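Student: sequence first, predicted model second:
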Amino acid sequence: MITIAVDCMGGDIGPAATLPACASFLDACPDAQLLLVGRPEAMEGWPQVVKHPRCRVVPATEVVAMDDPVEVALRKKKDSSMRVAITQVKDGQAQAAVSAGNTGALMAIARYLLKTIDGIDRPAIATQMPNSRGEATTVLDLGANVDCTAEHLLQFAVMGSALVQATAGQPSPTVGLLNVGEEAIKGSEVIKQAGALLRRAAMTGDLNFHGNVEGDDIFKGTTSIVVCDGFVGNVALKASEGLAAMVGSFLKQEFSRSISGKLAAIVSYRVLSAFKNRVDHRRYNGAALLGLRGLVFKSHGSADAFAFEHALRRAYDAAHNHLLDRVQERIAHAAPLMSVAMQATDVGGRTIA
């Protein structure tokens, strides 16, 4: 059995989204069981889930609000559903935790309770974005680390490779470094240094480094993985999420216009609907917090039941395919290279060797 701890109270919708998602997930995954973490009285409206033979309620008296400062979530709300869910992973009661709650609070609590893997300075958030190949490109970081060093980008690349290897079954996924151009001479000093480290990692067999990629390569599917800092990654993610919403809005507008507009919309409906489904961000919901000594997945805060179920499935796949072990193995293998990289950089971040 794969056991997943679910923060049932997190997100904009809370139990109205998380519990129906749990019901669908349990039907689809007969070898999974869930720990439903939250206020028992708030879950009473879904007895078919709460009393499911593969579910157990774990009480929590507090909830981390979406606008709670990190300090409040970490130091004052010690019995929050988010913290109790992650504690289940720490204590070995669950192999993974899933929450749609406050991203900053989730990262802070997870890092505090689980700690980082040896060799990792900062955890990263990784998720999938749809591409034109009908597949998905894994992108990291997506907002956990706005300012990154070249060494951090190397760590992200190694962890992202382990993620794709485990969950997508790719033995040697390609890695691209997001830049303003493909040429190695382009980009900031950090990007140039990161490129040098990634090329060195390719020579030692730690990565399958493709080279620099540009923003449109994410959606072309040029590489399996795209590495960037959290600021750029978050912007790309929001742009991707907005695409499906734009197509949906277009369809609604066309059907509400003139007869000719309605006829045109009817003719193009099937194609546009297929495109909307392909880029629907709900199908790719569930971002992995990589670099921790435990599996934690972040669902979008506004996720409905359909989207939250996909986050549960990603957590299940990661646990089923031993993602944590694979990340630790790859980091250990790349440790000599990372150690050399850190020694070659002074405290100000400037390359000195």
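Tutor: Okay, I see it.

Student: could you report the pLDDT at residue 350?
Tutor: Residue 350 is assigned a predicted lDDT (pLDDT) of 46.

Student: torsion angles phi and psi at residue 285?
Tutor: Note on residue 285: backbone dihedrals following degrees, to the nearest 10 are phi -70, psi 140.

Student: can you pull the contacts of it?
Tutor: Residues near residue 285 by C-beta atoms under 8 Å, 6 or more residues apart in numbering: 299-300, 303, 307-308, 310-311, 314. Quick note: C-beta positions are derived from backbone N, CA and C, even for glycine.

Student: so what's it closest to, chain neighbours aside?
Tutor: Nearest non-adjacent residue to residue 285, counting by C-beta to C-beta, 6 or more residues apart in numbering: residue 307, 4.1 Å away.

Student: wait, that neighbour touches residue 298, no?
Tutor: No - with contacts counted by C-beta atoms under 8 Å, residue 307 stays clear of residue 298, the gap being 11.9 Å.

Student: higher neighbour count, the two?
Tutor: residue 298 (29 against 23; other C-beta atoms under 10 Å).

Student: how about that one: which residues does it bridge to?
Tutor: Using DSSP bridges, the beta-bridge partners of residue 298 come out as residue 99, residue 287.

Student: use 23 as the first number from now on
Tutor: Got it, first residue is 23 now, which makes that one residue 320.

Student: distance check, it against residue 166.
Tutor: Distance check for residue 320 against residue 166: by C-beta to C-beta, to the nearest Å, it reads 10 Å.

Student: overlap in contacts, these two.
Tutor: Contact criterion C-beta under 8 Å, 6+ apart; residues shared by residue 320 and residue 166: 125, 147, 311.

Student: narrow these to those in strands?
Tutor: Those of the shared contacts of residue 320 and residue 166 mapping onto strands are 147, 311, per DSSP state E.

Student: who wins for most neighbours among the shared contacts of residue 320 and residue 166?
Tutor: In terms of neighbour count, residue 147 stands highest of those at 27 neighbours, by other C-beta under 10 Å.

Student: quick one: neighbours of residue 88, just the number.
Tutor: By the criterion of other C-beta under 10 Å, residue 88 has 15 neighbours.

Student: now it: which helix or strand?
Tutor: Per DSSP states H and E, residue 88 falls between elements, in no helix or strand.

Student: tell me if I'm right that it and residue 123 touch.
Tutor: Yes - counting by C-beta under 8 Å, residue 88 touches residue 123, with 7.0 Å between them.

Student: so what sits against both of these two?
Tutor: By C-beta under 8 Å, 6+ apart, the residues touching both residue 88 and residue 123 are 33, 323.

Student: what is the burial count for the closest residue to residue 122 other than its chain neighbours?
Tutor: Take residue 122 and drop its neighbours on the chain: the residue closest to it by C-beta to C-beta, 6+ apart is residue 33, 3.0 Å away. Neighbour count for residue 33, taken as other C-beta under 10 Å: 24.

Student: for residue 33, give its distance to residue 303.
Tutor: Applying C-beta to C-beta to residue 33 and residue 303 gives a distance of 15 Å.
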